[in-house]
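Asker: My questions are about this predicted structure, shown below with the sequence.
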Amino acid sequence: MEPLPEPRDLKSVWRMDKWLPELLRNRGGHAERWQGFHPALLAEAIERRNVNWPRMVSRYLRGRDVLDVGCGRSLYSVGFWFAGVKSYTGVDPVLDLDSSLLKDSRPLHGRFTESPWSPRTLERLLPQTRFVRGLTSDLPAGSTFDVLAMHNVTEHLMAIGESFAEFATLIKPGGRIVFRHPNYYSWGGHHMKPRTLGEIIPGDSGQANYIDWGHLIPRPDWPDKITKKQNRIRLGELRELVEKHFVVELWQEERSKKSEGAERLTPEIVQRHPGFSAAELLTQSVICVARRP
C-alpha cells in the first residue's frame, strides 16, 4: 500500500475556487448533501488546522460511517466532513455541546479560543453529524462503524489493551482503525517543555529533567501529565497490540525533524539507553491503518 503523504498545513486564506473542486469530489458531487454548509465554517477549520489530518487519510474515510474517538473541543468534524464521510460521530469526555470555546492549534494563539461554532451548532449545520460526551462505552448499544479514527489519542489510553479490544467490537467486519500515535520515546515525546528546539531555555532546571531523552529515565517526581495521562507504550508493543485484533495494512513511522530534536541524538545518548535503538528514539510518530478481519 502506498504511504500516506506527509502532514501538510493548509493555507489559512479562504479561496472558494481552490477548495470547492475538492469539496465536490469528496462529497460525490451531490450538492443536496451540503446545502446547509457555511463556507466560513470550513475557512475557520482550515485556519485552526483541523482539516490536515482528515484530508491526509481521506482515502479511508470517503463514503463511510466514521467514529472519531477523542475528537476534543475542535472543528475536526468539519475536516472529516470535507474529506467526504457518510456520517460522523465524535466522542470525547471533555465535550461541552453548547460551548464555543475550541482548541486552537494556530501559532501565537491561546490553547483555546472562542468560535461561533459549538458542537450543537455543528450538528445542525453538518449532515449526519453527532457528538457524544463520554467514552466509547457511552455510545448507544450495538453501535458499529466503518472506520474508527484517532489523532494523537492512543498515548492517553491508560488501559490501552482493554480499549483496543473494545474498538474491535465497534468496527464492522472489514472496517478499519486509522490512527496517528505520537512516540513517547522521541526527543519531545514527554509532552513537557521543551517539545521543540525553540522552547529550550538554557539553564532551566525543570527542562533539564526531560531534555535530550532524559525523560526515558523514570523519576519519583514525575508530574501527573506523564504518570497519569501517558501510557508510555513502546512502538513494538503498540504494533503487537494492534495485530491482536486487526490486520495491519499500513504502519508508517515518521522521523523527527531537526526542530523536534532529531540532530541532538549522540552515540553517548544511545549508549545511555541500551534498551532502545536509534531508530526508535528518532521516530516522532506512527500512522497506522489496520483492518478488522
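Answerer: Looks like it arrived, so ask away.

Asker: Flag the shaky bits of the stretch 101-250 of the chain, pLDDT-wise.
Answerer: 106-110 (pLDDT under 70).

Asker: ok, which stretches of it are strands?
Answerer: Assigned by DSSP state E, counting those that start in this stretch, the strands in the stretch 101-250 of the chain fall at 101-103, 112-114, 129-133, 145-151, 171-182, 247-255.

Asker: okay, those in TSV with distance to residue 240 and mean neighbour count next?
Answerer: Placement of C-beta: from N, CA and C, glycine included. TSV is the format used below for the strands of the stretch 101-250 of the chain (distance: least, Cβ to Cβ, whole Å; neighbours: other Cβ atoms under 10 Å):
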stretch	distance to residue 240	mean neighbour count
strand 101-103	31	18
strand 112-114	36	12
strand 129-133	30	18
strand 145-151	18	24
strand 171-182	13	20
strand 247-255	10	15
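
Asker: Tabulate those in TSV, adding columns for distance to residue 188.
Answerer: What follows is the strands of the stretch 101-250 of the chain, written out as TSV (distance: least, Cβ to Cβ, whole Å):
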stretch	distance to residue 188
strand 101-103	19
strand 112-114	22
strand 129-133	30
strand 145-151	17
strand 171-182	9
strand 247-255	13
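
Asker: ok, now which ones touch residue 137?
Answerer: Residues near residue 137 by Cβ atoms under 8 Å, 6 or more residues apart in numbering: residue 166.

Asker: For residue 225, see how far away it is.
Answerer: Taking Cβ to Cβ, to the nearest Å as the measure, residue 137 falls 25 Å from residue 225.

Asker: what sits opposite the most centrally placed residue in the chain in the beta ladder?
Answerer: For the chain, residue 151 is the residue whose C-alpha lies nearest the centre (Cα atoms, centre = their mean; 1.3 Å). Counting by DSSP bridges, residue 151 is bridged to residue 180.

Asker: which residues touch it?
Answerer: Here residue 151 is in contact with 53, 70, 76, 179-180 (Cβ under 8 Å, 6+ apart).

Asker: Repeat that for residue 249.
Answerer: Taking Cβ under 8 Å, 6+ apart, we find residue 249 in contact with 1, 176, 289-291.

Asker: one more time with 10 Å
Answerer: 1, 60, 176, 178, 288-291 (Cβ atoms under 10 Å, 6 or more residues apart in numbering).

Asker: just to revisit the earlier point, how much space between the residue nearest to the centre of the chain and residue 62?
Answerer: Distance, residue 151 to residue 62, by Cβ to Cβ: 17 Å.

Asker: Ok, residue 102 next?
Answerer: Relative to residue 62, residue 102 is positioned 25 Å away (Cβ to Cβ).

Asker: Same check on residue 199?
Answerer: Counting by Cβ to Cβ - residue 199 and residue 62 are separated by 37 Å.

Asker: Looking at the two, which one has more neighbours?
Answerer: More crowded of residue 199 and residue 62, by other Cβ atoms under 10 Å: residue 62, with 16 against 13.

Asker: OK, contacts around that one?
Answerer: Residue 62 sits in contact with 25-28, 83-86, where contact means Cβ under 10 Å, 6+ apart.

Asker: May I have the beta-bridge partners of the nearest residue to residue 112 once chain neighbours are set aside?
Answerer: Ranked by Cβ to Cβ, 6 or more residues apart in numbering and with sequence neighbours excluded, the top spatial neighbour of residue 112 is residue 101, at 5.0 Å. Here residue 101 sits in beta bridges with residue 114, going by DSSP bridges.

Asker: Distance-wise, check residue 101 relative to residue 113.
Answerer: Distance from residue 101 to residue 113, by Cβ to Cβ: 7 Å.

Asker: May I have stretch 238-252 as CSV, with CA atoms only?
Answerer: Below are the C-alpha coordinates for stretch 238-252, written out as CSV (Å, rounded to 0.1, in the frame of the first residue of the first chain):
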residue,chain,number,x,y,z
LEU,A,238,1.7,-1.0,20.2
ARG,A,239,2.0,-2.9,16.9
GLU,A,240,1.7,-6.2,18.7
LEU,A,241,-1.5,-4.9,20.4
VAL,A,242,-2.9,-3.8,17.0
GLU,A,243,-2.2,-7.2,15.5
LYS,A,244,-4.1,-9.0,18.2
HIS,A,245,-7.4,-7.6,16.8
PHE,A,246,-6.6,-6.3,13.3
VAL,A,247,-4.6,-6.9,10.1
VAL,A,248,-2.1,-4.1,9.7
GLU,A,249,-2.3,-2.6,6.2
LEU,A,250,-0.1,0.4,6.8
TRP,A,251,2.5,1.1,9.5
GLN,A,252,4.2,4.4,8.6
